[in-house]
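Colleague: Predicted model and sequence below, questions to follow.
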Amino acid sequence: MLALDLFVNGLIFGLFYALMAVGLAMIFGVLKVVNFAHGEFYMVGAYTYVLCAMKLGVPPWVALPLAAVAGAALGWVVERLLMRPLYAGYSSWSIMKDEYAVVVTFGLSLLLVNLVDKIVGPYPYRGPSLIETSRFALGPVMLNGQKLIAAAISIGLLAGLAIFIKRSLWGRQIQAVAQNRLGASLAGIDATRTTSLIFAISGLLAALAGALLAPLINPSPDVGAFPAIKSYVIVVLGGMGSIWGAMIAALLLGVLESFFAVYVSYDYRDAFGLLILILVLIFRPQGLIGEKGREV
Amino acid sequence: MSGARNLWDNRLRADFRAALAVVALLAFVPLFVSSPYWLGVLIVSIYFALLSLGWNLLAGFTGQFSLAPAAFAMLGAYATGLLNYHLKAPLAIGIPAAIAGTALLGWLLGRIVLRLKGPYLALTTLSFAEIARVIIGNSYEFTRGDQGLNVPTLMQSRVGYYYLFLAVLLATLVALYFLMRARAGRFWLAIRDDATGAESRGIDVVRYKTLAFALSCAICGLAGSLYGTFSQLVSPELGLLLQTGLVISMVVIGGIGTLTGPVIGALLVYLSSEWLRSVGNIQLIVFSIVVIVFARFMRTGLWGLTR
């Protein structure tokens, strides 16, 4: 029954990946750029949670929303200060647009990692759990309380996001701007505000992923690197810019990796996802469930 | 038409002369600097200048934004190191083999990513770089993993190494200058500015893109191979993404799409990073801020300010 255990645990990790990847997919959907500082949103969330809980003595259930606020604020500020040139009337920038985005987000990632390293210190912290339980077995599946609660919160967040995007006015505006920025602004949608909103949401989700995982991963300043790379894989696998694709691909990658690590090779588990990324980009650039005809 | 052509020719010539002036200045440095430590720092900064020139050929001249320059330096260093470790091949074989091997790999990668651009290209080359690093770091039996490999050195003298690196830098600059003046350089610029337009005018885009990839990777491979013999140790850390980040910062700060920019960028960034390290380990914080500010407000870099 090892397989069932691997499946469930892989699915749970897939949920955390989804929190990260959905934000990245939304940013790509609207601006057509990859945010290379996405892992640092996650890191900031993890640190806000841990430091609020440990240094300020805030109870974990209060520290969690604080981390979300920190992530949303960071996302908003990043959009305001660095992303505006990508769309706001800098027509001569269009040639080097992709390059600008890579350089700036890469630089931002370097900055945030080293700022935290300098201010908080390079040592990993262990965050307090939301709930104190030891590992327990549910049938053949080994679980612990933190993982279960974090998974439940992730499901709630993802479902909430799905409803928000599908039903709410702001969510529909996001869809419209992602489909056609000019068309959306002609229809009276404030595309600039929508872009800010997207960065705030993706910062919030990534920060919450970091905060929820903080008791399991012992955050250190460079903790964001791996989840970020996973989310690149997921976003490519799900079709760049597709929110639903990202959610499904995240669960798929979580399960695949969990099996790969046990049955094929533990050492190479991180290379496995990247290999998927390259293969998908070469053979199916629209992603597993994306529509055809997107320019690559 | 011919006016525009002359403008580019003049610009390139002025750019090349400035780069030669920098190299000439560097040639006098050992007369004043005798401390082995600072000579070592200068050698490493010339290593970064080579990587920056290699990356700039792809990103600045051809418009292909790769995230793998450090990975190719690592691969070049390992090509030399592994040939020596397993086959006892002398460096006279190991270094050319590193150039040929990275050129071939770069050509292959160039073929693979041919149709990708922008973020897709960045992600694919990033994945390639990380896969290469993970494989080298985990193949303990073959590469000794994270412990690294010992590599023999070409010579004991630091000053000798300094002039060797400087000579390679000079040769790379000269080669790039003549390439950029020739048909290949014009085709690369045309591809960078408008790939579809270039193709419609009969430029073999596939061939010139892959050529740029192979050359750029060979420059990085050569730099990595020489660096390995200089430090006498190669490890997967050479290929860390952070190193690629440094190379990109150097080019952006110095001036992308020029010959002088990457060289002065590399020298300034690495030398001031040594200084900032002694001030209190804040070099990476300073650079990342400088890079963001340059990318945001001074897109032509330091060299661009002189125009």
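Modeller: Structure received.
Colleague: The residue nearest in space to the middle of chain B: what's it in contact with?
Modeller: By Cα atoms, centre = their mean, the mean C-alpha position of chain B lies nearest to B:Leu51, the distance being 1.4 Å. Contact analysis of B:Leu51 by Cβ atoms under 8 Å, 6 or more residues apart in numbering or on different chains lists B:69-70, B:73, B:219-220, B:223, B:247, B:266. C-betas here are computed from N, CA, C, even on glycine.
Colleague: what does the stretch 1-150 of chain B have sitting close to chain A?
Modeller: B:59, B:65, B:67, B:112, B:115-120, B:122-124, B:126-128, B:130-131, B:134-135, B:138 (Cβ under 8 Å from any Cβ of the partner chain).
Colleague: change it to 6 Å
Modeller: B:65, B:116, B:118-120, B:122-124, B:127, B:130-131, B:134, B:138 (Cβ under 6 Å from any Cβ of the partner chain).
Colleague: Out of those residues, flag the one nearest to A:Pro221.
Modeller: Among the residues of the stretch 1-150 of chain B next to chain A, B:Glu130 lies closest to A:Pro221 (Cβ to Cβ), at 18.8 Å.
Colleague: Touching, that closest one and A:Gly273? I think so.
Modeller: No: with contact defined as Cβ atoms under 6 Å, B:Glu130 does not reach A:Gly273; the gap is 9.5 Å.
Colleague: which element follows the host helix or strand of A:Val255 toward the C-terminus?
Modeller: In the assignment (DSSP states H and E), A:Val255 maps to helix A:243-263. Following helix A:243-263 in sequence order, the next helix or strand is helix A:269-283 (DSSP H and E).
Colleague: pLDDT averaged over that next one - what is it?
Modeller: The average pLDDT for helix A:269-283 rounds to 80.
Colleague: Stretch A:157-170 too?
Modeller: Mean predicted confidence for stretch A:157-170 is 90.
Colleague: Just the buried residues of that stretch, please?
Modeller: Buried positions in stretch A:157-170, judged by neighbour count with 16 or more other Cβ atoms under 10 Å in any protein chain shown: A:157-158, A:161, A:165.
Colleague: For it, C-alpha coordinates in PDB please.
Modeller: Provided in PDB are the C-alpha atoms of stretch A:157-170 (Å, rounded to 0.1, in the frame of the first residue of the first chain):
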ATOM      1  CA  LEU A 157      -8.000  28.900  -1.100                       C
ATOM      2  CA  LEU A 158      -7.900  27.300  -4.500                       C
ATOM      3  CA  ALA A 159     -11.700  26.800  -4.500                       C
ATOM      4  CA  GLY A 160     -12.100  30.400  -3.300                       C
ATOM      5  CA  LEU A 161      -9.800  31.700  -6.100                       C
ATOM      6  CA  ALA A 162     -11.700  29.600  -8.700                       C
ATOM      7  CA  ILE A 163     -15.000  31.100  -7.700                       C
ATOM      8  CA  PHE A 164     -13.500  34.600  -7.500                       C
ATOM      9  CA  ILE A 165     -12.100  34.400 -11.000                       C
ATOM     10  CA  LYS A 166     -15.200  32.800 -12.500                       C
ATOM     11  CA  ARG A 167     -18.000  34.700 -10.700                       C
ATOM     12  CA  SER A 168     -16.900  38.000  -9.200                       C
ATOM     13  CA  LEU A 169     -16.600  41.300 -11.200                       C
ATOM     14  CA  TRP A 170     -12.900  41.700 -10.400                       C
END
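Colleague: Could I get the phi/psi values of the residue of the stretch 1-150 of chain B found nearest chain A?
Modeller: With Cβ to the nearest Cβ as the measure, B:Gly118 is the residue of the stretch 1-150 of chain B nearest to chain A, at 3.4 Å. The phi and psi values for B:Gly118, taken as degrees, to the nearest 10, are phi 50, psi -130.
Colleague: Buried ones in the helix or strand harbouring B:Ala212, by neighbour count?
Modeller: Assessed by DSSP H and E, B:Ala212 sits inside helix B:205-231. Across helix B:205-231, burial judged by 16+ other Cβ under 10 Å covers B:205, B:208-231.
Colleague: Check which helices and strands the helix or strand just after it is in contact with.
Modeller: As assigned by DSSP H and E, the chain's next helix or strand after helix B:205-231 is strand B:233-234. On a contact count with 3 or more Cβ pairs under 6 Å, 6 or more residues apart in numbering or on different chains; DSSP states H and E, strand B:233-234 meets helix B:69-87.
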